[in-house]
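>>> what follows is a predicted structure for the sequence shown.
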Amino acid sequence: MYKDYEIKLNAILDKHGVQKVELGLIDDLDKKIQNAKKEVGSAERLHKAAEKDNNKVNKLNAEWIDLKAKAKKEVKTLYDLVKFAKNNIKEAKTELTSTEKQIQKIKKSLKDLGLPENAISQQISEVSKLKSTLKTLNFSFLDDLPF
């Protein structure tokens with residue numbers, strides 16, 4: 001009888017021990033699942049933030065491309081204006097040189113006629129002002145351009 005009791009007791013203990021091990025494994029599994037849930041939740045939040053930042057970057061990049069195109073167009077316009085201005089300055093200098101020669105001829109004619117040179121002093125003054133204005137027209141501001 002003792003032998004039967006021992007066999008039954010060992011069977012119960014063995015069965016109970018297996019249940020403890022199985023319950024321990026299930027508890028470990030539940031902990032791993034909870035940890036995985038936390039990590040997945042964190043990954044989802046980070047993914048959403050990255051996606052939002054990516055959208056911002058894409059928007060800024062599109063704006064940058066648009067601004068670069070506008071800047072390129074404005075630079076072309078600027079250089080065209082500078083080219084036209086330099087041509088005008090050259091033409092104005094040529095015209096003023098011719099005007100100064102004419103002034104010298106008129107001064108000589110006035111002198112030959114015995115008339116005072118101040119008869120053309122207003123014209124001489126205007127030519128002088130125009131020459132001074134031309135001297136101030138430089139394009140040093142182009143040095144400040146970032147390209």
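Thanks, I have the structure now.

>>> kindly format the C-alpha coordinates of stretch 55-75 as PDB.
Extracted in PDB, the C-alpha atoms of stretch 55-75 (Å, rounded to 0.1, in the frame of the first residue of the first chain):
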ATOM      1  CA  ASN A  55       6.800  65.500 -45.100                       C
ATOM      2  CA  LYS A  56       8.200  68.800 -43.800                       C
ATOM      3  CA  VAL A  57      11.500  68.100 -45.500                       C
ATOM      4  CA  ASN A  58       9.800  67.300 -48.800                       C
ATOM      5  CA  LYS A  59       7.800  70.500 -48.500                       C
ATOM      6  CA  LEU A  60      10.900  72.600 -47.700                       C
ATOM      7  CA  ASN A  61      12.800  70.900 -50.500                       C
ATOM      8  CA  ALA A  62      10.000  71.800 -53.000                       C
ATOM      9  CA  GLU A  63      10.100  75.400 -51.700                       C
ATOM     10  CA  TRP A  64      13.900  75.400 -52.000                       C
ATOM     11  CA  ILE A  65      13.700  74.100 -55.600                       C
ATOM     12  CA  ASP A  66      11.100  76.800 -56.400                       C
ATOM     13  CA  LEU A  67      13.200  79.500 -54.700                       C
ATOM     14  CA  LYS A  68      16.400  78.400 -56.600                       C
ATOM     15  CA  ALA A  69      14.500  78.600 -59.900                       C
ATOM     16  CA  LYS A  70      13.200  82.100 -59.000                       C
ATOM     17  CA  ALA A  71      16.700  83.200 -57.900                       C
ATOM     18  CA  LYS A  72      18.200  81.900 -61.100                       C
ATOM     19  CA  LYS A  73      15.600  83.900 -63.100                       C
ATOM     20  CA  GLU A  74      16.300  87.000 -61.000                       C
ATOM     21  CA  VAL A  75      20.000  86.600 -61.500                       C
END
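
>>> what about that stretch, average pLDDT?
Rounded to a whole number, the mean pLDDT of stretch 55-75 is 95.

>>> and the residue nearest to the spatial centre of the chain, how far from Asp144?
What sits nearest the mean C-alpha location of the chain, by Cα atoms, centre = their mean, is Trp64, with 5.6 Å. Distance from Trp64 to Asp144, counting by Cβ to Cβ, to the nearest Å: 21 Å. (Glycine included, C-beta is placed from N, CA and C.)

>>> same thing with Ser109?
Note on Ser109: its distance to Asp144, by Cβ to Cβ, is 49 Å.
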